[in-house]
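[1] Model the following, please.
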Amino acid sequence: TTTTTMAPNKSCAKIGCKFVSANPCKCDSACSKFGDCCVDYLPVCVSSSSTTTTTTKPTTTTTTVKPLSLCALQGACTYSSKAPCHCDSLCSTYNDCCPDYNSFCK
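    Numbers count the residues shown, from 1 in each chain. Next up is the predicted model:
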């Protein structure tokens with residue numbers, strides 16, 4: 001039979017389920033071996049009801065749009081020889097429509 005000695009004072013709920021050398025009691029998996037677990041180690045760090053929260057940073061995407069590369073930037077649903085894509089009724093035939101042709105011109 002293994003008995004785990006519980007050290008008083010600190011709480012795993014406060015310091016997390018990890019080894020922190022400055023704390024008088026520990027909340028890592030080795031505390032049972034050394035007998036220095038915090039009083040709430042078992043319910044906080046071992047219990048099947050304990051949860052882990054992961055926080056992620058939002059991702060920012062920057063898109064650079066070339067001049068005249070959208071019908072909205074060309075300002076009309078017509079052919080422009082200066083544009084890299086087109087917004088006229090023949091662009092579907094030539095497969096050179098701007099990405100926003102259907103939403104902007106139809």
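
[2] Sketch out the helices for this protein, chain order is fine.
    In the chain, the segments counted as helices under DSSP state H are 12-15, 31-34, 41, 71-74, 91-94, 101-105.

[3] Looking at the ones you listed, which one is packed in the most?
    helix 41 (a mean of 25; mean count of other Cβ atoms under 10 Å). C-beta: built from backbone N, CA, C; applies to glycine.

[4] Can you give the distance from that one to the centre of its chain?
    How far helix 41 lies from its chain's middle: 29 Å, per Cα atoms, centre = their mean, to the nearest Å.

[5] okay, the closest residue to Cys105 other than its chain neighbours: pLDDT?
    With Cβ to Cβ, 6 or more residues apart in numbering as the measure, Cys77 is the residue that lies nearest to Cys105, at 3.7 Å, once sequence neighbours are left out. As summarised for this prediction, Cys77 has a pLDDT of 93.

[6] Quick check: Cys77 touching His86?
    No. Under the criterion of Cβ atoms under 8 Å, Cys77 makes no contact with His86, lying 9.4 Å away.

[7] before we move on, back to that, what about the residue nearest to Cys105, neighbour count?
    Cys77 is surrounded by 16 other residues when neighbours are defined as other Cβ atoms under 10 Å.

[8] OK, contacts around it?
    For Cys77, the contacting residues are 71, 87-88, 101, 104-105, by Cβ atoms under 8 Å, 6 or more residues apart in numbering.

[9] can you put those residues in a markdown table and add pLDDT and distance to Pro58?
    Conversion of the contacts of Cys77 to a markdown table gives the following (pLDDT from 0 to 100; distance: Cβ to Cβ, whole Å):
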| residue | pLDDT | distance to Pro58 |
| --- | --- | --- |
| Cys71 | 90 | 30 |
| Cys87 | 94 | 34 |
| Asp88 | 95 | 39 |
| Tyr101 | 93 | 31 |
| Phe104 | 90 | 29 |
| Cys105 | 90 | 33 |
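
[10] Good, wrapping up.
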